[in-house]
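Colleague: Any chance you could fold what I've pasted below:
(2 chains)
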Protein chains: 2
Amino acid sequence: MNNDPAQFKIEFFLSAAQCNAEGELPLPTLLQYLIDIATSHANSLNFGYSRLKESDSAWVLNRVAVEMESFPAINQKFTLSTWVVSTNRLYSDRAFRFDDAEGNIIGYAISRWAAINVTTRRPMNLLELFPEGLPDTGISVPITSFSKIRHPEEEGTSSPLIFKYADIDCNRHVNSTRYVEHLLNCFSVHFFDTHSISRFEIVFHDEAFFGDHVDVISHVTDTEATVWIALDKKVLTISRFTFLKKE
Amino acid sequence: MNNDPAQFKIEFFLSAAQCNAEGELPLPTLLQYLIDIATSHANSLNFGYSRLKESDSAWVLNRVAVEMESFPAINQKFTLSTWVVSTNRLYSDRAFRFDDAEGNIIGYAISRWAAINVTTRRPMNLLELFPEGLPDTGISVPITSFSKIRHPEEEGTSSPLIFKYADIDCNRHVNSTRYVEHLLNCFSVHFFDTHSISRFEIVFHDEAFFGDHVDVISHVTDTEATVWIALDKKVLTISRFTFLKKE
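Modeller: Numbers count the residues shown, from 1 in each chain, chains lettered A, B, ... in the order given. This is a model prediction of the structure:
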């Protein structure tokens, strides 16, 4: 895998200061690492943000699904690998694999990316943007594909939230990883003492901005949760967690 | 500096996904890097957390002051170096230096660490814990030393805050870097379009826990701000920002 430029690998070390309450890699940081390694890989093969900037367009992360057997733990090394699976006019699908320090596979992720025109926010045709093609490998990962996440019919618990300074990224939108932090903040620290996240799936529908007043709405059971963020009636992002009871 | 074990150096790359609204290294991440590199350095010379664990004690960060001429910017490499300055019975002072990719010094930081008994939370005598001595270099950095941060006499602006899941670290306290995020959230994204942080100083007085209801209180002028977090009348942390007007 090392010598194939279509696949890209980075080794990480999880410091104590980065860990969550469980002493593990926090889900928002995991998402940030997926975005970072995807960006580095695309830049290294000249299909990254700088290339798209030439056409006044940019990559946008549409959705992610992660399935972890275990999360990287405190003071441990782990390796994250990534490759492009397939590309069509509208989307490029990218896969990821997590290996622990002993080389055991501990998780997989899939992600779907679109390119949009930065002025009109309209989708661009990837096959026209990249006439030479992207480095599609056709290699999928053994996890459940993207699903349609619907709001449960029962009412959820709603908490108001205002996006603040630390939520905003360099594009002046709310950072995708901050969406995930606010989703997690629906749970108590005790919940994750008895439940581990075996699957997490998120769809990014719309952008939010500094000062936006939104609601974080959650519907949680012992085995799964649907959590979404809404601005008035518009769903900005919706996610589904699948839990395993800890022994 | 590379070959002297008393000094320790790590190279970083600032990805887009990590940047703040200004496209720069966020202050909370900067603080996390200071803690991470201090931890790595101490571990590498056997005066880190594992060593203190043998005496049922742990390092605690007491205060930090940072002065930056400029912050590391998007898609740039930078280097962070650290060394121990001096140690007495109660405190060990550690310094840091930031260099940009061209080797220009862009900032310095100083930090003060104590060791506490993890059960009694009482301070431990560093000279007894480390009879062989710490790798004190006596090398200080050219920034203003720690100052006494007092509340301004005028009333500040107060915002209520409840510490949530994503605020909690692996010791089940509120993470020091999350304190800094909540301090920054007193400012608008527009404030930092016209003001840059030239100095930031913070004192950590007391620990906070999941579910604590606190107030974030700020007193902001055009050139400086004092911001603190209080649980009832108890100040958990207090900070002072010094600003430069951007041209």
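Colleague: in chain A, which helix or strand is least confident?
Modeller: Every helix and strand of chain A was ranked by mean pLDDT, DSSP states H and E. The lowest is helix A:49-53, at a mean of 90.
Colleague: From the contact counts, what lies against that one?
Modeller: helix A:27-44, strand A:57-68 (3 or more C-beta pairs under 8 Å, 6 or more residues apart in numbering or on different chains; DSSP states H and E). Every residue, glycine included, has its C-beta placed from N, CA and C.
Colleague: Reformat those as TSV; add mean pLDDT and distance to residue A:140.
Modeller: Converted to TSV, the helices and strands packed on helix A:49-53 look like this (pLDDT from 0 to 100; distance: least, C-beta to C-beta, whole Å):
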stretch	mean pLDDT	distance to residue A:140
helix A:27-44	96	16
strand A:57-68	97	12
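Colleague: before we move on, back to that, give me the buried positions along the least confident helix or strand of chain A.
Modeller: A:51-52 (16 or more other C-beta atoms under 10 Å in any protein chain shown).
Colleague: Can you show me the CA trace of it as PDB?
Modeller: This file holds the C-alpha atoms of helix A:49-53, laid out as PDB (Å, rounded to 0.1, in the frame of the first residue of the first chain):
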ATOM      1  CA  TYR A  49      -8.400  22.500  -3.300                       C
ATOM      2  CA  SER A  50      -5.700  24.500  -5.300                       C
ATOM      3  CA  ARG A  51      -6.600  22.600  -8.500                       C
ATOM      4  CA  LEU A  52     -10.300  23.300  -8.000                       C
ATOM      5  CA  LYS A  53      -9.600  26.900  -7.200                       C
END
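Colleague: that older thread, looking at the helices and strands packed on helix A:49-53, spot the one closest to residue A:244.
Modeller: strand A:57-68 (10.0 Å; C-beta to C-beta).
Colleague: What pairs with the closest one, parallel or antiparallel?
Modeller: strand A:105-117 (antiparallel), strand A:195-204 (antiparallel) (DSSP bridges).
Colleague: For the shortest one, which outside residues touch it?
Modeller: I take that to be strand A:195-204. Outside strand A:195-204, the residues within contact range by C-beta atoms under 8 Å, 6 or more residues apart in numbering or on different chains are A:27, A:31, A:60-69, A:71, A:143-144, A:146-147, A:149, A:176, A:179-180, A:183, A:222, A:236-246.
Colleague: Quick one: name the residues of chain A near chain B.
Modeller: By C-beta under 8 Å from any C-beta of the partner chain, the residues of chain A that approach chain B are A:15-23, A:26, A:28, A:32, A:35-36, A:39-40, A:49, A:74, A:164-166, A:168-170, A:172, A:175-177, A:181-182, A:184-189, A:191-192, A:210-211.
Colleague: for chain A, what are the low-confidence residue spans?
Modeller: Along chain A, segments meeting pLDDT under 70 span A:1-3.
Colleague: residue ranges of the helices in it, please?
Modeller: In chain A, the helices defined using DSSP state H lie at A:27-44, A:49-53, A:126-129, A:176-184, A:191-194.
Colleague: Quick check: which of these has the most neighbours on average?
Modeller: helix A:176-184 (a mean of 23; mean count of other C-beta atoms under 10 Å in any protein chain shown).
Colleague: Quick one: list the elements packing against that one.
Modeller: Looks like helix A:176-184 contacts helix A:27-44, strand A:195-204, strand A:213-220, strand A:224-231, strand A:234-245 (3+ C-beta pairs under 8 Å, 6+ apart).
Colleague: closest to residue A:156 out of those?
Modeller: Checking the helices and strands packed on helix A:176-184 against residue A:156 by C-beta to C-beta gives strand A:213-220 as the closest, at 4.0 Å.
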